[in-house]
Every structure is written in C-alpha cells, then in structure tokens.
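S.K.: Sharing a model prediction with you, sequence too.
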Amino acid sequence: MQTLYQWDFAGRKDDPSELTENNIEEFGPGLQDENKEFVRTLVKGVLLHHDKIDRIIEQAAPEWPLEQITTVDRNVLRLGLFELLYGNKEEVPPKVAINEAIELAKNFSGESSGKFVNGVLGTVYRELEEQPEG
C-alpha cells in the first residue's frame, strides 16, 4: 500500500519497482523472500491492471469521482480489487482480502474509510458471486 500511495501521490511518475524495493528495505527488512515476492506481485499486478481496476471503482462508487477519493482509500481499493479479481483465491480468500483492505483503510485513513472500502469491495464481490461460472 505504501508503494502505491507514493506512486499515486507523486503523480505516477516515480518508478514503482524502485519504490517497492526501497519500501521492502525500509519497512520489511526481516521479511522472508516469499513475502517480499508477494509484495512485488501485488504492486506489479495492481499497476498492470490499473486502468480496469479504476474503471471498476468508478462503476462501484459512481457518486465518488476517482480523483475525489483520498489517495489512501484509492490505493487500498486498488489492492483489494486486484486480490478479488486476479489474486490466488486459495492464498488469499476474497473475504480475507476485503477484511484486510478494510483494516488498512481504518488504520491509515479513518473509520469512515473502512465503511467506504467495505461498501465498494462488497459490491464488487457480490457482483462476482452473481456471475455464472464458465
């Protein structure tokens, strides 16, 4: 979340790979290699699917233009949606991804942010559940 926040806050000009490595070094020096790789995968995945994820946020929260959503909330939503749409469901089940996103929003943004993130991710999750298999 830190990397995506920095990237977004700086106008999406900074190198996300460099930001990721700096953040791993600063905030996660004791992380095991598999956890470092998980962080890299999340950041790369969010950036790869960034446009589609942003369109989904706009559809799920039409009364909130993307640029009016706080930088923290916007990037928490991006992470949560990436995990819901593209993540390994056995590694991180959808409800766990939603709960983690809510906690990130509450801890780094505010209580109302947790409710907002829950509403957006819950809406997308229900829509995914309603889609026919195939």
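M.R.: Good, I have the coordinates.
S.K.: Next, count neighbours for Leu31.
M.R.: 14 (other CB atoms under 10 Å). Every residue, glycine included, has its C-beta placed from N, CA and C.
S.K.: Actually, His49.
M.R.: Counted with other CB under 10 Å, residues neighbouring His49 total 16.
S.K.: Isn't it up against Phe82?
M.R.: Yes: contact criterion CB atoms under 8 Å: His49 and Phe82 qualify, at 6.3 Å.
S.K.: Spatially central residue for the protein, please.
M.R.: Leu79 (1.2 Å; CA atoms, centre = their mean).
S.K.: For that one, give its distance to Gly45.
M.R.: To Gly45, Leu79 is 9 Å away according to CB to CB, to the nearest Å.
S.K.: buried ones in the helix or strand in which Glu100 is found?
M.R.: Using DSSP states H and E, Glu100 sits in helix 94-108. Applying a neighbour-count criterion of 16 or more other CB atoms under 10 Å, one finds 94, 97-98, 100-102, 104-106, 108 buried in helix 94-108.
S.K.: If anything else comes up later, I'll come back, but that's it for now.
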